[in-house]
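Asks: Dropping a prediction and its sequence here:
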Amino acid sequence: MQMRHVLAVEQFERSWILGELLPTVARFEQGWPATALSGTEIFHLFQQPSFLTRLAFSRAIKRLGGGHEQADFEDAFTAEGRRQSIEDEVRILNGLDYAAIVVRAAAAGGAERAAAVSRVPVINAGEPAHRAALGSAQHPTQALADLVTIRRALGRIDQLHVAVVPGDGASLVIVQSLAMLLGRVCQGLRLSLVVRPALTALFEELRASLAATGVDLALVNDLRLVAPSADVIYFAQANNLHLGMAERYLPAGEEPGVFVLTDEVAASVRADAAIMHPLPRNIGAGQGVPEELPERFSDDPRLYAFTQARMKYLVAGALLYMLLNGSGSRPAPRLES
């Protein structure tokens, strides 16, 4: 039997998004199939700390009637003082009869390595990427949740102008995954990456890749230039402290351009636009760390960051439901072994 995994955004086609994922998410919003995964045990193999992603999967499994276990990420990464490979961790878990493994690997490509030796489905729950080559590290579940959120906020996934603010490059994996997914499934897409001049080179590979598929991607150096025309403004995390490699950027007013949500920017954003953020944002991160999405905007009706968090939970449930055939629903096409 062919093993099926969720590893990369390249697996997902427009027809599956529209015909399978979105209807399943909509169904779950009306009511979860509470016994779909009854008797099923899933393991969380998280080699990096996580709050939202781990919680989204844990809660989704429970709502589907299944169970899960997990190890602290420190324990998952070592065994009795010796570093353990992700392949061996997966082999151990396979022998303990888990039905699926949700992986947040410590290194780019970790989920693919896990899937290569696994007898059961592996779901990539995010990988680290700072200056990673395009596609070498991915966060497909975040990208799917973001796309579902855009559909919820705007009622469509086509004819969009999406402005992405990558911050200091610490969240490159999220930016790349989202841009690649939108480029695959959205028609009439226009992308603007609002990038500090010093970091422009980080995104040249992404621009060239999308341009080859006909996607209009522009690199701009000031959010104020694109905020009035954007349907979506997407702030990625900046100074993601656990990565330890992020390049700090200066607060608003000290940069040559603006890369955070200011009162001036907010005033220019259309009433029907969506402001998004995958969380966590930098509130309280420390003196001198700019807040890309300050607390004072938390109740803005255009803010969909917490809708994204809910959609991640619903998408997690939909993927598990389809992947494990909870009710005979078809799995996503091209979920590759």
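Replies: Structure received.

Asks: Ramachandran angles for the residue nearest in space to the middle of the chain?
Replies: Closest to where the C-alpha atoms of the chain average out (C-alpha atoms, centre = their mean) is residue 142, at 2.0 Å. With angles defined as degrees, to the nearest 10, residue 142 sits at phi -70, psi -40.

Asks: Could I get the pLDDT score of it?
Replies: Looking at residue 142, its pLDDT is 97.

Asks: before we move on, what about residue 201?
Replies: For residue 201, the model assigns a pLDDT of 83.

Asks: how close does residue 188 sit to residue 217?
Replies: Separation of residue 188 from residue 217 (C-beta to C-beta, to the nearest Å): 13 Å. The C-beta positions use only the backbone N, C-alpha and C, and glycine is treated the same way.

Asks: Who has more neighbours out of these two?
Replies: residue 217 (20 against 12; other C-beta atoms under 10 Å).

Asks: State the number of residues packed around the closest residue to residue 232 other than its chain neighbours.
Replies: Once flanking residues are discounted, residue 232 sits nearest to residue 162: 4.5 Å by C-beta to C-beta, 6 or more residues apart in numbering. Residue 162 has 24 neighbours, counted by other C-beta under 10 Å.

Asks: I'd assumed residue 162 was in a strand, is it?
Replies: Yes: membership of residue 162 in a strand is supported by DSSP: H, G, I helix; E, B strand; the rest coil.

Asks: wouldn't it be in contact with residue 226 here?
Replies: No: assessed by C-beta atoms under 8 Å, residue 162 is found out of contact with residue 226, at 9.7 Å.

Asks: who touches both of those two?
Replies: Common contacts of residue 162 and residue 226, defined by C-beta atoms under 8 Å, 6 or more residues apart in numbering, comprise residue 192.

Asks: The stretch 201-337 of the chain: strands as residue ranges?
Replies: In the stretch 201-337 of the chain, the strands defined using DSSP state E, counting those that start in this stretch lie at 216-220, 232-235, 274-276.

Asks: Save those as a markdown table, and put in distance to residue 25 and mean pLDDT too.
Replies: Shown next, in a markdown table, are the strands of the stretch 201-337 of the chain (distance: least, C-beta to C-beta, whole Å; pLDDT from 0 to 100):
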| stretch | distance to residue 25 | mean pLDDT |
| --- | --- | --- |
| strand 216-220 | 27 | 92 |
| strand 232-235 | 18 | 97 |
| strand 274-276 | 17 | 98 |
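
Asks: Of all those, which one is nearest residue 100?
Replies: strand 274-276 (28.1 Å; C-beta to C-beta).

Asks: neighbouring contacts of that closest one?
Replies: Residues from elsewhere that reach strand 274-276 (C-beta under 8 Å, 6+ apart): 146, 149-150, 153-154, 231-235, 261, 269, 293, 297, 300, 302-305, 308.

Asks: Okay, buried residues for stretch 299-306 please.
Replies: Using 16 or more other C-beta atoms under 10 Å as the test for burial, stretch 299-306 gives 302-305.

Asks: which stretches of the chain have low pLDDT?
Replies: Within the chain, the segments meeting pLDDT under 70 span 1-3, 72-82, 129-132, 238-255, 284-289, 326-337.

Asks: Longest helix in it, please.
Replies: helix 305-323 (DSSP state H).

Asks: I'd like the distance from that one to the chain centre, please.
Replies: 11 Å (C-alpha atoms, centre = their mean, to the nearest Å).
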